[in-house]
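Peer 1: I'd like to go over a predicted model; first the sequence, then the structure.
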Amino acid sequence: MTNLFKGTMGVCLSVLAVGCAVIPTPPPVTATASDHDGNAPERLIDGDLKTRWSANGDGAWAVLDYGKNIDIDAVKMAFHKGDARASSFMIEGSNDGVTWTTLLPKTQSSGTSLGLERFDLEATQARYVKYVGFGNTSNTWNSLTEFMAANCEVDSCPTSELNPMAVASVPVSVTASDHDGNGSDRLLDHDLKTRWSANGDGAWVEFDYGKVIELDAVKLAFHKGDARATSFLLEGSKDGKTWNTILSKTSSSGFSNNLERFELEPTKARYIKYVGYGNTSNTWNSVTEFLAANCAVDACPISETAPELEKMAAIEKVKAEAKKLAESKKPKVRPGDFGTHVPLICDAKVSDCTCLKTNPTCQWWEAPLPVVDVPAQVRPDFKPGQNFDLGGWYLSIATDHDANGKPDDVPEQYLAQGYENPDFFYTAKDGGLVFKSFIKGVRTSKNTKYVRTELRQMLRRGDTSIPLQGVTKNNWVFGSAPEEDRKNAGAVDGVLEATLKIDHTTTTGEPEQVGRFIIGQIHANDDEPIRLYFRQLPGHKKGSVYFAHENRNEGSDVYYDLIGSHSGAASDPVDGIALGEVFSYRIEVKGNDMTVTISRDGKPDAVQKVDMSNSGYDAGGQYMYFKAGVYNQNHSGDPEDYVQATFYKLTTKH
């Protein structure tokens, strides 16, 4: 394996005996981090671009300790998926690990490279160098594959490591002859998704660099640059009055949306003017980025040249055609077309189905559905709807046997008369109710990435005249809700109690997802006052129980550990819950107070109280319902991998 630190250390260490004047920067002694998901910080210094450190959320950090103060004037980093997204971060330094100084204000990676990118700093000394992350352009994760400090006076610092957009010369202002709402300032925002646009031959943009600069190239990126060629010329001026043509009328390649470099005769100018002449599709001039470059000091990779862009476009075209051909040869498999199909029909052995003979859509069930007198102990010869009062729930399963693109839902009237599915929802040999959910399947909405076999509370108990959503008799509200909502709701405050065991967790997938799923919830309109998780990490003998409380006012989650830790880097919890071990949970809401309790025989209860006064759930229009079952929180593993739990008790009260 190639050691990436070799580029920083150089070869001087091996030839000290023959008179090296200086010793290049050594590698860090240790790497630590605020958190990680199983991808630990030591992977930042292993010289391997295939490994990474990952942690979620703004402010997540990783610190390199060099063991002593070193001279630095740059940092080098490589980013996970760095060619598909730009990561935001800042760099801090410290001599003692206590007092920190900003070395590099908040900035972004290029979003175009998986290799090392160099970010130059003011020369300084530090023992500790800290990366502080702020997510990336796709999500809130911070994921680096390598991280090191450098002193370019003695270390290898080729221009190829520089961000191609991070050129030395930056305009102090930009003006344009016209625009359509896409202003000329967007040419300087380092964002290929924004643009300057103006119509007609001769439309121009003028860049003022504040002083005379040296340049021998310009880099431009064009709107729809992979579908059409854009015509333009460039002029330069030292005073803004006398202009010289520095690039005669030419055209972009028409092969790429990324930066394309155009070489010039070395020249000096304070002002540079882009003059547009439309494109091969119409008379519009639309440019996404403009950079003046001096390739002696700026990164000018060959990948920016037209021949290379054409070559890459041809390669991508071949790949796309091959992928299309491969997809066409695959057997057509409809998502959700798996598992046993159990039709929803009125069971004449249980219910009076007579009306269906004359009216296929008649209401054959009693509404509200009567409360079931469940046995003291669940029985293996009973249907789920006999062991549990399921008239107050409906079930969602991640199959799609009716091919409507949605999960197969089982309304409460079918659950009450004995519905079960031998693959996902059935009575076990010990009488418990089994919930099973694969990674594969159909999601309940566009807002979730995950699938489930889960019950949703239905206070209306089969009375379809009551709306499903809203502050209605089908849902409940907090005791702290407005008086009008308390009158209109089906109940005020509530308790969900369950006794269960965990049978199986996922063992494949990304470290941040593997082994976790939700076993109980309170769901509001769009948010969750609580999501109760079980998680067992690969290689662990026991699992953890924790919950997330979503503060809808702040749009953030707060995690509370009940047993073990929610961290993907946690050790095997000594007092954790093993697969097959029976335990109970209780979620109680009174006004703005929520109490969550985990109980096990022979062990003290784990209790956590949450004050929800500032969480926004007492606002008008907020309604609640309980959920229980298995909600798989892993979409990255083997599609056949699954989660499973068996419930022995499931009750609500209000």
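Peer 2: Nice, thanks for sending it over.

Peer 1: Counting neighbours, which bits of stretch 395-412 end up buried?
Peer 2: Neighbour counts over stretch 395-412 (16 or more other CB atoms under 10 Å) mark 395-401, 407-408, 410-412 as buried. Just so you know, the C-beta spots here come from the backbone N, C-alpha and C atoms, and that holds for glycine as well.

Peer 1: pLDDT, distance to residue 538 and secondary structure added to those residues, as TSV?
Peer 2: Shown next, in TSV, are these (pLDDT from 0 to 100; distance: CB to CB, whole Å; DSSP: H, G, I helix; E, B strand; the rest coil):
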residue	pLDDT	distance to residue 538	secondary structure
395	98	30	strand
396	96	28	strand
397	96	27	strand
398	94	23	coil
399	93	27	coil
400	91	30	coil
401	90	33	coil
407	91	28	coil
408	92	31	strand
410	97	33	strand
411	98	38	coil
412	97	38	helix
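
Peer 1: And those residues, which two are furthest apart?
Peer 2: 400 and 412 (20.4 Å; CB to CB).

Peer 1: quick check, nearest of the buried residues of stretch 395-412 to residue 527?
Peer 2: Nearest member of these to residue 527, counting by CB to CB, is residue 396, at 18.6 Å.

Peer 1: residue contacts, that closest one?
Peer 2: 407-410, 444, 452-456 (CB atoms under 8 Å, 6 or more residues apart in numbering).

Peer 1: Filter those residues down to just the ones in strands.
Peer 2: The strands, defined by DSSP state E, take in 408-410, 452-456 from these.

Peer 1: is residue 245 in a bridge, and if so with what?
Peer 2: Note on residue 245: beta-bridge partners by DSSP bridges are residue 235.

Peer 1: what sits against residue 31?
Peer 2: 41-42, 44-45, 53, 62-65, 147.

Peer 1: which two of these lie the greatest distance from each other?
Peer 2: Most distant of those, by CB to CB, are 53 and 65, 14.6 Å apart.

Peer 1: which one of the two has more residues nearby?
Peer 2: residue 53 (27 against 15; other CB atoms under 10 Å).

Peer 1: What's opposite the more buried one in the beta bridge?
Peer 2: The partner residues for residue 53, given DSSP bridges, come to residue 144.

Peer 1: How about the one 10 residues further on?
Peer 2: With DSSP bridges applied, the residues forming beta bridges to residue 63 are residue 32, residue 130.

Peer 1: wait, doesn't it sit right on residue 29?
Peer 2: No: counting by CB atoms under 8 Å, residue 63 does not reach residue 29; the two are 11.2 Å apart.

Peer 1: Which of the two has more residues huddled nearby?
Peer 2: Neighbour count, other CB under 10 Å: between residue 63 and residue 29, residue 63 has more, with 22 against 12.

Peer 1: so who does the more buried one touch?
Peer 2: Residue 63 touches 31-33, 97, 128-131, counting by CB under 8 Å, 6+ apart.

Peer 1: Once you drop chain neighbours, what's closest to residue 573?
Peer 2: residue 564 (3.2 Å; CB to CB, 6 or more residues apart in numbering).

Peer 1: Sorry, slip of the keys, the one I care about is residue 168.
Peer 2: Residue 168 sits nearest to residue 297 (CB to CB, 6+ apart), 5.3 Å away.

Peer 1: Could you check how far that neighbour is from residue 464?
Peer 2: Going from residue 297 to residue 464 by CB to CB, to the nearest Å gives 72 Å.

Peer 1: any low-confidence regions in the stretch 51-200 of the chain?
Peer 2: Within the stretch 51-200 of the chain, no range satisfies pLDDT under 70.

Peer 1: Can you give the domain ranges for this protein?
Peer 2: Using automatic domain parsing, the domain ranges for the chain come out as 6-161, 173-317, 354-653.

Peer 1: will you turn these into CSV that also has distance to residue 338?
Peer 2: Formatted as CSV, the domains of the chain follow (distance: least, CB to CB, whole Å):
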stretch, distance to residue 338
domain 6-161, 29
domain 173-317, 34
domain 354-653, 6
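
Peer 1: Residue 335 is nearest to which of these?
Peer 2: domain 354-653 (5.6 Å).

Peer 1: does the residue nearest to residue 573 really touch residue 543, like I thought?
Peer 2: Yes: at 6.9 Å, residue 564 counts as touching residue 543 under the criterion of CB under 8 Å.

Peer 1: residues bridging contact with those two, i.e. touching both?
Peer 2: In contact with both residue 564 and residue 543: 535, 573, 576, using CB under 8 Å, 6+ apart.

Peer 1: Residue 351: what's its closest spatial neighbour, skipping adjacent residues?
Peer 2: Leaving aside its chain neighbours, residue 351 sits nearest to residue 417 (5.4 Å; criterion: CB to CB, 6+ apart).

Peer 1: isn't the one you found right next to residue 385, touching?
Peer 2: Yes: contact criterion CB under 8 Å: residue 417 and residue 385 qualify, at 6.4 Å.

Peer 1: How many residues are close by residue 455?
Peer 2: 26.

Peer 1: Which residue, other than its chain neighbours, is closest to it?
Peer 2: residue 393 (4.2 Å).

Peer 1: burial count for that neighbour?
Peer 2: 26.

Peer 1: From the contacts of residue 63, list just the buried residues.
Peer 2: So, by 16+ other CB under 10 Å, the buried ones in the contacts of residue 63 are 31-33, 128-131.

Peer 1: sorry, back to before: out of the ones in strands among the contacts of residue 396, which comes closest to residue 110?
Peer 2: Nearest to residue 110 among those, with distances taken as CB to CB, is residue 452, at 38.6 Å.

Peer 1: And residue 484, its phi and psi?
Peer 2: phi -60, psi -40 (degrees, to the nearest 10).

Peer 1: actually residue 57, sorry about that
Peer 2: phi 100, psi 150.

Peer 1: That one contacts residue 140, correct?
Peer 2: Yes: taking contacts as CB under 8 Å, residue 57 lies within contact range of residue 140: 5.6 Å.

Peer 1: isn't there a helix covering residue 309?
Peer 2: Yes: applying DSSP: H, G, I helix; E, B strand; the rest coil, one finds residue 309 inside a helix.

Peer 1: Tell me which residues touch it, please.
Peer 2: Counting by CB under 8 Å, 6+ apart, residue 309 has contacts 253, 255-256, 258, 260, 303.

Peer 1: swap in residue 279?
Peer 2: 222, 224, 228-231, 285-286.

Peer 1: Repeat that for residue 407.
Peer 2: 336, 396-400, 441-444, 451-452.

Peer 1: Can you tell me how far the residue nearest to residue 441 when sequence neighbours are not counted is from residue 629?
Peer 2: Distance criterion CB to CB, 6+ apart; nearest residue to residue 441, sequence neighbours excluded, is residue 398 at 2.7 Å. Residue 398 sits 11 Å away from residue 629, going by CB to CB.

Peer 1: any shared contact partners between those two?
Peer 2: 437, 452-453.

Peer 1: Quick check, pLDDT for the nearest residue to residue 514 once chain neighbours are set aside.
Peer 2: The spatial neighbour of residue 514 that comes closest, neighbours along the chain excluded (CB to CB, 6+ apart), is residue 506 at 5.6 Å. Note on residue 506: pLDDT of 96.

Peer 1: Reduced to three states, what does residue 506 come out as?
Peer 2: Note that with three-state DSSP, the state of residue 506 is coil.

Peer 1: Touching, it and residue 642? I think so.
Peer 2: Yes: if you go by CB under 8 Å, residue 506 and residue 642 touch, sitting 6.9 Å apart.

Peer 1: overlap in contacts of those two?
Peer 2: By CB under 8 Å, 6+ apart, the residues touching both residue 506 and residue 642 are 439, 632.

Peer 1: Helices of the stretch 401-550 of the chain, start to end?
Peer 2: 412-416, 483-488 (DSSP state H, counting those that start in this stretch).

Peer 1: now, of those helices, which is deepest in the fold?
Peer 2: helix 412-416 (a mean of 26; mean count of other CB atoms under 10 Å).
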